[in-house]
Structures are given as structure tokens and as C-alpha cells.
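J.: Turn this into a model:
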Amino acid sequence: MSQSRNDVENNVSPQLVADTAPLGKPAWRDAFRVYLEPASLRMFALGFSAGLPLLLVFGTLSFWLREAGVNRATIGFISWVALTYAFKWCWAPLVDRLPIPLLTRLLGRRRSWLIVAQIGVMIGLVGMAFSDPKVSVSGIVWFALMVAFFSATQDIALDAYRIESGNKEQQSALSATYQMGYRIAMIWAGAGVLWIAARAEVANPRNYDVNAWKVAYLVMAASMIVGLATVLFSKEPAPQAFAPAKTLLDWLRAALIEPFADFFTRYKWHAALILALIATYRISDIVMGIMANPFYVDMGYTKDEVAAISKLYGVVMTLVGAFIGGVLSIKIGMMRTLMLGAILSAASNLLFAWLTTRGHDVQALTIVISIDNLSSGIASTAFIAYMSSLTNISYSATQYALLSSMMLLFPKFIAGYSGVAVNAVGYPSFFIGTALLGVPVLILIWIASRQLK
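T.: A predicted model of the protein is given here:
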């Protein structure tokens with residue numbers, strides 16, 4: 001939180017997150033040791049559960065669709081399924097306040113919602129497994145929407161769980177370990193799916209085999225058991241005390257209005273600047289990302305090549321970046337790390353434009369993936385810590401859902417037209433254009449940093 005509970009009690013006026021490390025900077029050894037604390041290890045495991053569904057309805061799905069012969073423009077529009085994540089703030093107040101009969105009494109508010117969401121994800125993935133986009137696209141889209149909805153619900157509860165599991169100083173480490181677990185899940189949901197599908201194929205590896213994808217997605221559904229087990233063996237954070245609601249109107253006011261009113265009251269006109277920065281920070285990555293897998297298919301890379309380089313080695317590089325981002329946030333401050341991540345993320349898209357000139361070049365792909373994913377890891381960790389620091393712990397689920405929804409809404413809407421853009425101008429110009437989208441982000445970070453002076 002940019003304003004901790006002690007700050008509120010002492011009437012400290014709200015401001016943007018300080019662009020400095022705390023007084024009395026910790027030694028490097030202490031900065032690294034925080035990753036081994038129990039709360040950090042739990043977030044590592046829960047991050048796996050959160051990271052598994054996203055690629056299965058966004059990135060990996062686009063590879064499947066393109067291999068099935070679906071047009072790039074259609075793939076781009078189908079990516080709007082992921083807009084579900086951008087509207088999770090609509091039901092976040094319910095996740096924040098509404099108890100689930102029996103389950104909440106047994107597990108607590110956060111863990112009960114996590115269990116329900118994870119079961120919903122599993123059912124949706126099974127439905128996707130038994131769909132064939134070559135026969136009908138609509139069936140797989142509906143099940144993908146189901147996965148996205150319950151995955152977004154899991155994110156709401158899990159973000160609140162993470163924020164309530166540590167103080168402001170611990171949030172960088174918690175977000176870093178969360179990102180590490182998240183990225184390992186993305187290895188499994190990216191490289192794992194492609195590797196399993198490649199092994200399950202009975203025909204030519206370059207031909208489409210729906211049964212191979214069925215096997216792969218069923219394995220992914222079973223992998224959500226990791227999340228279920230982690231929730232069952234984790235502790236519920238100390239519940240926040242809420243004033244009892246006398247009427248339904250009182251409950252709606254407390255659940256729906258107060259979390260948003262609190263945010264705008266604390267940050268006043270700064271709220272517009274914060275939301276503008278959050279709404280655009282990941283735009284370069286998100287708009288480019290939906291066309292990455294179709295690009296690999298069109299360039300002739302096989303499932304095994306993409307799995308090994310982009311989905312396995314690449315995610316390892318993201319883990320390295322996430323680790324570096326967490327340490328840098330502690331040592332030099334979140335705003336400086338945000339700026340570094342934004343510069344690297346936008347610039348790395350230019351390397352994809354260069355990659356289009358190389359043909360089927362595995363070594364060049366490895367170089368590009370290394371730099372791009374390292375940049376993404378640094379940016380993601382700093383950005384999650386930044387958004388976490390902006391929330392009031394009394395409304396952690398709703399406020400974080402608002403911020404993370406703002407992060408996705410505009411970029412994912414624009415990404416829906418990415419296939420149309422590629423069809424119109426080709427891959428090189430498209431990648432250059434996505435890099436230029438990052439320039440306004442740098443300006444917003446600079447303005448936000450200046451407000452501290």
C-alpha cells in the first residue's frame with residue numbers, strides 16, 4: 001500500500017509510491033532471504049495455480065487455433081475472451097465480502113472462493129479438451145469463457161490472499177515468488193501442452209490432430225489439483241473486521257461503493273494518473289503477445305521447437321527477470337524498476353521485427369526470446385508490487401481487482417485487432433508498431449515520479 005495502516009492513523013496525506021528504497025536499506029543477503037519465508041513459498045505454489053489457465057485461453061489456444069486453420073483475424077477477435085479478466089472488478093466485491101455456504105465456515109473467506117474457482121477452471125478445461133475448433137469454433141470459445149471467468153475469480157481471491165499475507169515491505173518478495181510460480185505454470189501450460197500434444201500425435205507432426213490437443217488439455221485440467229491441494233493445506237489470513245450491515249443497501253454500499261470511493265478519496269486527482277499508467281503499462285507485451293504463436297506457426301517452427309525455446313527456456317528467462325525485478329524493487333525502488341521494465345519491454349518487440357528477416361532460424365529465436373522474457377519478468381514483478389502497494393487492506397480484493405482489470409482492459413481490446421493488423425501490414429510493421437505503443441508509458445512513469453518532488 002502506498003499508504004499503510006499506520007500512515008492512515010497518523011493522517012499522512014496520500015501520495016504515489018515513493019521512488020526510493022526504505023531507510024536503512026537491507027543487506028543483499030537479507031533481501032534474498034525473504035524468498036525462503038513460508039508466506040513466500042505459499043505464494044510460489046499458489047502462483048502456479050493462477051498461471052496455469054491464462055495461456056490455455058490466450059497464448060496456447062492461439063497456436064491450437066492457427067494449426068486448425070483458423071484465420072488470424074478470427075484468432076485476434078477470439079482473444080477478447082481474455083477481456084473477462086478486465087471486468088473482474090464487477091464481481092470482486094462479492095468475492096471480497098460474500099460468504100459461500102458451508103465452505104466459508106470450514107475454510108475461511110479467501111480459501112473457500114479459491115476452491116470454487118479452481119474447480120470451475122478444471123471443468124472448463126475438460127470442456128475445451130472435448131472441443132474441436134476445426135469443426136466449430138463456438139464450442140471452444142464458450143468453454144474458454146468459462147475458464148477465463150473462474151480463473152479471474154481465482155485471481156481476485158488470490159490477490160487478496162497475497163496482499164493480506166504480508167506487510168508493505170514483504171509485497172515485493174511475495175509478488176516475485178508469485179510470479180515465479182506463475183511462470184512455471186506458464187512453462188507447463190505453454191511448453192507442456194505443446195510437448196504433450198506432439199507426443200500424442202499419431203500422424204505427421206505438421207498435420208492437425210485434435211486428439212493430441214484433447215490429451216494435452218485433459219492433463220492441464222488435472223494439473224489444477226496442485227492449486228486445490230495448496231489451498232487446503234494453507235492458512236487463512238487473519239480476516240478483516242467489517243461492520244455488520246443492517247440492510248441490503250448498507251451491504252451494497254460497503255461492498256460496492258466504499259472500496260472505489262476509498263481509492264479515489266486517498267489519491268484524489270492522482271488517481272487519474274495512476275489509472276492511466278496502469279491501463280497502458282503492459283500494452284506493448286499484450287498486443288504483440290496474441291500474434292506470437294500464429295507467427296511461430298507461420299514461420300514454420302514445430303511444436304517441439306516452440307515448446308523448448310519459447311515456452312520452456314523463455315519462461316526460465318522470465319523467472320530470472322522476475323527474481324531480478326523483486327530485488328531491484330527493494331534496492332532502487334519500484335518507480336525506477338517500473339521505468340526500466342517499460343523500456344526493456346517495448347524495445348524487445350523490435351527484435352521480433354528483426355526475427356521476421358531470419359526465416360526458420362532457431363538460434364535467432366532463442367536470442368529474441370531470451371531478451372524479451374527477461375524484460376517481461378522485470379516489468380511484471382515491479383508492476384504487481386506497485387499495484388499491491390496502492391491498495392487499502394480493508395478492500396484488498398476489490399481494489400486490486402480494479403487495478404489489475406484496468407491493466408488488461410485497453411490492451412486486450414486493442415489486441416483483438418492484432419490479427420487484422422498483421423493481415424494488413426505484415427508481421428515486421430506490426431511488431432514495430434507494438435514497440436511504439438510503449439512510448440506513452442514512459443512519459444506517464446516520468447510524470448508519476450515527478451509528483452513525488
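
J.: give me the element residue 208 is part of.
T.: In the assignment (DSSP states H and E), residue 208 maps to no helix and no strand.

J.: same thing with residue 369?
T.: Residue 369 belongs to helix 362-389, assigned by DSSP H and E.

J.: Could you check that helix and say which residues are buried?
T.: Neighbour counts over helix 362-389 (16 or more other Cβ atoms under 10 Å) mark 365-366, 368-370, 372-389 as buried. No exception for glycine: its C-beta is placed from N, CA and C like everyone else's.

J.: Mind giving me the packing neighbours of that helix?
T.: helix 137-163, helix 171-187, helix 314-332, helix 334-355, helix 396-415 (3 or more Cβ pairs under 8 Å, 6 or more residues apart in numbering; DSSP states H and E).

J.: what's the angle from it to helix 314-332?
T.: 40 degrees (axes from the mean of the first three to the mean of the last three Cα atoms, to 10 degrees).

J.: and helix 362-389 with helix 334-355, angle?
T.: Relative orientation of helix 362-389 versus helix 334-355 (the same axes, to 10 degrees): 160 degrees.

J.: before we move on, back to that, ok, which of the helices and strands packed on helix 362-389 comes nearest residue 298?
T.: With Cβ to Cβ as the measure, helix 334-355 is the member of the helices and strands packed on helix 362-389 nearest residue 298 (11.9 Å).

J.: Alpha carbons of that closest one, as PDB, please.
T.: The C-alpha coordinates for helix 334-355 follow below in PDB (Å, rounded to 0.1, in the frame of the first residue of the first chain):
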ATOM      1  CA  MET A 334       9.500   0.400  -7.600                       C
ATOM      2  CA  MET A 335       9.300   3.500  -9.800                       C
ATOM      3  CA  ARG A 336      12.800   3.200 -11.200                       C
ATOM      4  CA  THR A 337      12.200  -0.500 -11.700                       C
ATOM      5  CA  LEU A 338       8.900   0.200 -13.400                       C
ATOM      6  CA  MET A 339      10.700   2.600 -15.800                       C
ATOM      7  CA  LEU A 340      13.400   0.000 -16.600                       C
ATOM      8  CA  GLY A 341      10.900  -2.700 -17.200                       C
ATOM      9  CA  ALA A 342       8.800  -0.400 -19.500                       C
ATOM     10  CA  ILE A 343      11.900   0.500 -21.600                       C
ATOM     11  CA  LEU A 344      13.000  -3.100 -22.000                       C
ATOM     12  CA  SER A 345       9.600  -4.500 -22.700                       C
ATOM     13  CA  ALA A 346       8.900  -2.000 -25.600                       C
ATOM     14  CA  ALA A 347      12.400  -2.300 -27.100                       C
ATOM     15  CA  SER A 348      12.300  -6.100 -27.100                       C
ATOM     16  CA  ASN A 349       9.400  -6.100 -29.500                       C
ATOM     17  CA  LEU A 350      11.700  -4.600 -32.100                       C
ATOM     18  CA  LEU A 351      13.700  -7.900 -32.000                       C
ATOM     19  CA  PHE A 352      10.600  -9.700 -33.300                       C
ATOM     20  CA  ALA A 353      10.700  -7.400 -36.300                       C
ATOM     21  CA  TRP A 354      14.300  -8.500 -36.900                       C
ATOM     22  CA  LEU A 355      13.300 -12.100 -36.400                       C
END
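
J.: looking at the chain, which helix or strand is least sure?
T.: helix 5-9 (a mean of 34; mean pLDDT, DSSP states H and E).

J.: what's the nearest residue to residue 306 if we skip its chain neighbours?
T.: In space, residue 306 comes closest to residue 296 once its chain neighbours are excluded; the distance is 4.9 Å by Cβ to Cβ, 6 or more residues apart in numbering.

J.: got it, and residue 185?
T.: Residue 185 sits nearest to residue 51 (Cβ to Cβ, 6+ apart), 3.2 Å away.

J.: so which helix or strand takes in that neighbour?
T.: Applying DSSP H and E, one finds residue 51 within helix 38-57.

J.: Residue 113 now?
T.: In the assignment (DSSP H and E), residue 113 maps to helix 109-129.

J.: any low-confidence regions in the stretch 101-250 of the chain?
T.: Within the stretch 101-250 of the chain, the ranges that satisfy pLDDT under 70 run 166-173, 202-207, 238-246, 248.

J.: burial of residue 359, as a residue count?
T.: When neighbours are counted by other Cβ atoms under 10 Å, residue 359 registers 9.

J.: which sections of the stretch 251-400 of the chain are below the confidence cut-off?
T.: 251-252, 255-256, 396-397.

J.: Measure how far stretch 210-221 is from the centre of its chain, please.
T.: 23 Å (Cα atoms, centre = their mean, to the nearest Å).

J.: List the buried residues in it.
T.: 210, 212, 213, 214, 215, 216, 217, 218, 219, 220, 221.

J.: doesn't residue 193 make contact with the second one?
T.: Pointing back at residue 212 there. No. Counting by Cβ atoms under 8 Å, residue 212 does not reach residue 193; the two are 9.9 Å apart.

J.: Compute the inter-axis angle for the helix holding residue 369 and helix 171-187.
T.: Using the same axes, to 10 degrees: helix 362-389 against helix 171-187 is 140 degrees.

J.: Could you pull up the residues touching residue 152?
T.: Residue 152 sits next to 84, 85, 87, 88 when contact means Cβ atoms under 8 Å, 6 or more residues apart in numbering.

J.: State the distance from the nearest residue to residue 144 once chain neighbours are set aside to residue 247.
T.: Computed as Cβ to Cβ, 6+ apart, the closest residue to residue 144 that is not its neighbour in sequence is residue 57, at 4.3 Å. Applying Cβ to Cβ, to the nearest Å, the value for residue 57 to residue 247 is 39 Å.

J.: Those two: who's more crowded?
T.: When residue 57 and residue 247 are compared for neighbours, residue 57 comes out ahead with 29 against 8, by other Cβ under 10 Å.

J.: Rebuild the helices and strands packed on helix 362-389 as TSV, extending it with distance to residue 124.
T.: Below are the helices and strands packed on helix 362-389 laid out as TSV (distance: least, Cβ to Cβ, whole Å):
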stretch	distance to residue 124
helix 137-163	4
helix 171-187	16
helix 314-332	23
helix 334-355	30
helix 396-415	19
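
J.: so which of the ones you listed is the most packed in?
T.: helix 171-187 (a mean of 27; mean count of other Cβ atoms under 10 Å).

J.: pretty sure residue 71 is touching residue 419, no?
T.: Yes. Counting by Cβ under 8 Å, residue 71 does reach residue 419; the two are 7.2 Å apart.
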